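Asks: Need coordinates for the following:
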Amino acid sequence: MSMKIQNTPNRAAFDVQSAQDLRSQFAKNPQEGLKAAAQQFETMFLQMVMKSMRDTVPDDGMLNSEQSKFYTSLLDQQMAQNLSSSGKGVGFAKLIEQQLGRTMVGASSDPNTAGAANAAAGDLPLAASDGRHLQYKTILGNLPTSAAYPRADATVAPAVALDAPASSKEFVNRVWPHAVEASRSTGVPPQFLVAHSALESGWGRSEIRRADGSPSYNLFGIKAGKSWAGATADATTTEYVNGQPQQSVERFRAYGSYEEAFRDYANLLRNNARFGSVIGSQDGTEFAKRLQQAGYATDPMYADKLSRIINGPALRQALIG
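Replies: Numbers count the residues shown, from 1 in each chain. Here you go, the predicted structure:
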């Protein structure tokens, strides 16, 4: 008896467990898994269309607020899922299923491949352990780069962060589970949070270290203000005063693990009123702009740098392996 994914109106569109279910489905029944993955891509496309439509409508009414925008974005996600799962979408799911289905059939007859499911899913049943390979490798790996993402200072080392090192995949593997957890409490897609940590830490190469050389696990450049009672680490950082870069030594928060760092970062976004517009951001470029507008960093090009990582090929390649 095969397991079917409950990608129906009864399931919340933002349920992160769906990725894990989809991975399991590929392992048990590649054909059903392919169908569900194609349907998810159509859902993503429909959500982008809805967002573009809403952007054309004035949002300066008395009832409009950042909170209403957040819940409207959740509504759009659910509507997009409902349309796709009901078969009333735009037909992309069927086309994607047919295209990747041919790849699976061809691979199954090739003696040099490990099997149809592995060829279509990039060895997904064996390699994927956290769901992101399913979302990016299976669905997006066979599409042009431009289709991968919607288009529309505490920085320690932003100059090197844009050029992802060869170890970027290892960095993503290290922080991804914690990004997923932080995503659940902030409503921000985990890949955006990974991109932000990559910008602030130079893909892990410029992570702030304590005086004894041990890691601080501070991937987001969060400073230790007066209210911080935990451990700290001093580091040289670049601040912009009147648009001019100036180096100074600042005190930053130090954590016991990356898990703790992501949890504190999520708490900062959720509990600080000035970051209210950031919560629930579903568009990478808007997420970056709202962070800068909220005063996360003094670098005037901060939003542009973060947006380039979110929408760029380096993160995409690291995510799909």
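Asks: And the longest helix that the chain contains, what's buried?
Replies: Across the chain, the helix with the greatest residue count (assigned by DSSP state H) is helix 30-55. Residues of helix 30-55 classed as buried by neighbour count (16 or more other Cβ atoms under 10 Å): 30-48, 50-51. For every residue, glycine as well, the C-beta is placed using N, CA and C.
Asks: Now stretch 310-317: buried residues?
Replies: 310, 311, 312, 314, 315, 316, 317.
Asks: Do me a favour and average the pLDDT over the longest helix of the chain.
Replies: Averaged across helix 30-55, pLDDT comes to 74.
Asks: tell me what the helix or strand just after it is packed against?
Replies: Once the chain leaves helix 30-55, the next helix or strand it forms, by DSSP states H and E, is helix 66-85. With contacts taken as 3 or more Cβ pairs under 8 Å, 6 or more residues apart in numbering; DSSP states H and E, helix 66-85 sits against helix 30-55.
Asks: which other helices and strands contact the helix it packs on?
Replies: helix 17-28, helix 66-85, helix 92-108, helix 116-121, helix 139-140.
Asks: Surely residue 201 touches residue 217?
Replies: No: if you go by Cβ atoms under 8 Å, residue 201 and residue 217 don't touch, sitting 9.8 Å apart.
Asks: Now do the helices in the stretch 151-300 of the chain.
Replies: Applying DSSP state H, counting those that start in this stretch to the stretch 151-300 of the chain gives helices spanning 158-161, 168-186, 190-201, 258-271, 284-293.
Asks: Among these, single out whichever gets nearest to residue 77.
Replies: helix 168-186 (13.4 Å; Cβ to Cβ).
Asks: hmm, who's touching that closest one?
Replies: Contact with helix 168-186 is made by 16, 130-132, 165, 188-191, 193-194, 197-198, 203-204, 219, 258-259, 261-263, 265-266, 269-270, 278-280, 314-315, 317-319, 321, as judged by Cβ atoms under 8 Å, 6 or more residues apart in numbering.
Asks: so what's in contact with residue 201 and residue 217 at the same time?
Replies: Here residue 201 and residue 217 have residue 207 as joint contacts, going by Cβ under 8 Å, 6+ apart.
Asks: follow-up on the earlier one: any quick PyMOL command for the buried ones out of the contacts of helix 168-186?
Replies: Buried subset of the contacts of helix 168-186, written as a PyMOL selection, criterion 16+ other Cβ under 10 Å:
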select buried, resi 130+131+132+165+188+189+190+191+193+194+197+198+203+204+219+258+261+262+263+265+266+269+278+279+280+314+315+317+318+319+321
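Asks: pLDDT of stretch 236-254, averaged?
Replies: Stretch 236-254 shows a mean pLDDT of 90.
Asks: switch to numbering from 17
Replies: I'll keep to 17 as the first residue from here, and by that count the last item is stretch 252-270.
Asks: Please pull out the lowest mean pLDDT helix or strand from the chain.
Replies: helix 140-143 (a mean of 31; mean pLDDT, DSSP states H and E).
Asks: where are the low-confidence patches of this protein?
Replies: By pLDDT under 70, the low-scoring segments of the chain are 17-47, 49, 75-79, 82-83, 102-108, 112-182, 337.
Asks: Swap in 50 and give it another go.
Replies: Along the chain, segments meeting pLDDT under 50 span 17-25, 32, 121-147, 149-177.
Asks: Please parse it into its domains.
Replies: 33-159, 174-336 (automatic domain parsing).
Asks: re the thing from before, mind putting the buried residues of stretch 326-333 into CSV with secondary structure?
Replies: Below are these laid out as CSV (DSSP: H, G, I helix; E, B strand; the rest coil):
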residue, secondary structure
326, helix
327, helix
328, coil
330, helix
331, helix
332, helix
333, helix
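Asks: how about the residues you listed in a markdown table, adding distance to residue 74?
Replies: Compiled in a markdown table, the buried residues of stretch 326-333 are given as follows (distance: Cβ to Cβ, whole Å):
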| residue | distance to residue 74 |
| --- | --- |
| 326 | 27 |
| 327 | 26 |
| 328 | 32 |
| 330 | 36 |
| 331 | 33 |
| 332 | 34 |
| 333 | 39 |
